[in-house]
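**Q** Mind folding the following:
(one chain, ligands or ions: 1)
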Amino acid sequence: MRYHGAMNAPNTSLPSLPDVSDLIQHPYRPPATFDAPQPGVFKASTVYFPTVADMRSRDWMDKSAYTYGLHGTPTSYILEERIAHLEGGRYSVLVPSGLAALSLASLALLSQGDHVLLPDNVYGPNKVFALGDLNRLGIAHDLYDPMDPQDLQQRLRPNTRLVWVEAPGSVTMEFPDLPALVRIAQAHGARVALDNTWGAGLAFAPFDLLGDGQCAVDLSAHALSKYPSGGGDVLMGAVTTRTPEMHRLIQLTHMRLGLGVGMNDVESVLRSLPSIGLRYAAQDQTARELAHWWQAQSACVQVLHPALAGAPGHAHWQALCGREGAGRAAGLFSIMLDERFTQAQVDAFVDGLQRFRIGYSWGGPVSLVVPYDLPAMRRQWPSHLRRGWLVRFSVGLESAAFLIDDLRQSMQAHLT
Ligand SMILES: *Cc1c(COP(=O)(O)O)cnc(C)c1O
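**A** Numbers count the residues shown, from 1 in each chain. Below is the predicted model of the structure:
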């Protein structure tokens, strides 16, 4: 019997609630034959089991069934398979951000007493994670010069279990000899983890670097927030692997950390993924036009874009990403503005841009600009970089002419 208020006060009793139990457990099931370009969005914490026996026998680890929302729904299984395919791996797990992909990989592969090596130009927050949490857990780290494989060789210790690689490096865009770094690390018995956000699975094949099946990273971490999302509106990451053993290590730590993703976000990435190749190529082409334009400006003393002849590591980019046609690169580059300018002038130039918006991240539709404080990011000024003020551009989907007009007007106003 339902409680309707004080029994002694009949005049104030509430109307009885309608019984909507049949609505909550409504039996209708739509026909199972629906098919459309986009997969359905299956959202769940709870997943039903028809019987106890079924509950006990289901296994989410091989994706043969569903047990709990954190372990995946049809929507996340589909995106994981597509990301694994994009990167040329066999398995992927989704995490709530690109940074979570980096920290998951380090936590899964490193234990107390281990040592990890990071390139000097590594994505900054990966270094911050090593300085903070890895350090606290008794895992030591060192930085190596990614442009000098001998430096990596010399910094390997008996307990070095993991080497991070990134191609090109963040912000300064040097392209390393990736196959050489991979070989040196693996010959030592260390695993190689690649931050593949720039390559996105499109510029080169992380699990077959030389195209002969002989050289592969052990895992690829990818900020899906960038090109796979393409909208500047989703945070997500993925860790992709090739061997069942490596996948299992990642999967177990992923499970223990409870790294779930929201299925509406997964849907957004699934919606954008079919156009990733077109977007990547278009943004690459526009970025190169802008990079060439900067090369002709006297305010700029160096353009840091690995596809440009003379850029740091250009030959390594050529060998890995330049084998077909004009080659492939992300729509991202940095410039070094002449040191004769003051910081205030450089800031005024950036503030004076109307079409480039000031903001982090890349891979979205709107072009972005960020001035970086290089001395705060590196142990010393890299010898291959000219002295000056570093400004990074992330190119969106606008036309090159539209963007160059903006660069020109602010340069003429502030960099004279
Ligand atoms: C953006 C980025 C990340 C982190 O991705 P988030 O989704 O922003 O956490 C990692 N590595 C590289 C190279 C990136 O550019």
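**Q** which bits of the stretch 301-416 of the chain sit near the ligand?
**A** Counting by CB under 6 Å from any ligand atom, the positions of the stretch 301-416 of the chain adjacent to the ligand are residue 361. Using the backbone N, CA and C atoms, a C-beta is placed for each residue, glycine as well.
**Q** which stretches of the stretch 301-416 of the chain form helices?
**A** Assigned by DSSP state H, counting those that start in this stretch, the helices in the stretch 301-416 of the chain fall at 314-321, 343-352, 400-414.
**Q** Could you do the chain as well?
**A** Along the chain, counting by DSSP state H, helices occupy 21-24, 52-57, 74-87, 98-109, 124-129, 135-136, 149-155, 178-187, 244-257, 263-272, 276-295, 314-321, 343-352, 400-414.
**Q** What parts of the stretch 51-200 of the chain come near the ligand?
**A** 97-99, 123, 170, 195, 197.
**Q** how about CSV for these, with neighbour count and pLDDT added?
**A** Below are those laid out as CSV (neighbours: other CB atoms under 10 Å; pLDDT from 0 to 100):
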residue, neighbour count, pLDDT
97, 18, 98
98, 23, 98
99, 19, 98
123, 23, 97
170, 23, 92
195, 25, 98
197, 26, 98
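**Q** picking that back up, which of the helices of the chain sits most buried?
**A** helix 98-109 (a mean of 24; mean count of other CB atoms under 10 Å).
**Q** okay, the angle between that helix and helix 244-257?
**A** With axes from the mean of the first three to the mean of the last three CA atoms, to 10 degrees as the basis, helix 98-109 and helix 244-257 are set at 110 degrees to each other.
**Q** ok now helix 98-109, how far from the chain's centre?
**A** With CA atoms, centre = their mean, to the nearest Å as the basis, helix 98-109 stands 11 Å off its chain's centre.
**Q** could you say what helices and strands that helix packs with?
**A** If you count contacts as 3 or more CB pairs under 8 Å, 6 or more residues apart in numbering; DSSP states H and E, helix 98-109 packs onto strand 91-95, helix 124-129, strand 160-166, strand 191-195, strand 219-223, strand 237-241, helix 244-257.
**Q** could those go into CSV alongside distance to residue 181?
**A** Output for those, formatted as CSV (distance: least, CB to CB, whole Å):
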stretch, distance to residue 181
strand 91-95, 23
helix 124-129, 16
strand 160-166, 5
strand 191-195, 7
strand 219-223, 14
strand 237-241, 19
helix 244-257, 18
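**Q** mind checking which of the helices of the stretch 301-416 of the chain is nearest residue 83?
**A** helix 314-321 (19.6 Å; CB to CB).
**Q** got a list of contacts for the closest one?
**A** Residues outside helix 314-321 that contact it (CB atoms under 8 Å, 6 or more residues apart in numbering) are 167-168, 175-179, 199, 203-204, 209, 306-308, 311, 327-329.
**Q** can you do 6 Å?
**A** Residues from elsewhere that reach helix 314-321 (CB atoms under 6 Å, 6 or more residues apart in numbering): 175, 177, 203-204, 306, 327-328.
**Q** Report the mean per-residue pLDDT for it.
**A** Helix 314-321 shows a mean pLDDT of 98.
**Q** Alpha carbons only: can I get it in PDB?
**A** Extracted in PDB, the C-alpha atoms of helix 314-321 (Å, rounded to 0.1, in the frame of the first residue of the first chain):
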ATOM      1  CA  HIS A 314      63.800  16.600 -42.100                       C
ATOM      2  CA  ALA A 315      65.600  13.600 -43.500                       C
ATOM      3  CA  HIS A 316      64.100  11.400 -40.800                       C
ATOM      4  CA  TRP A 317      60.700  12.700 -41.600                       C
ATOM      5  CA  GLN A 318      61.300  12.100 -45.300                       C
ATOM      6  CA  ALA A 319      62.400   8.500 -44.600                       C
ATOM      7  CA  LEU A 320      59.300   7.700 -42.500                       C
ATOM      8  CA  CYS A 321      56.500  10.000 -43.800                       C
END
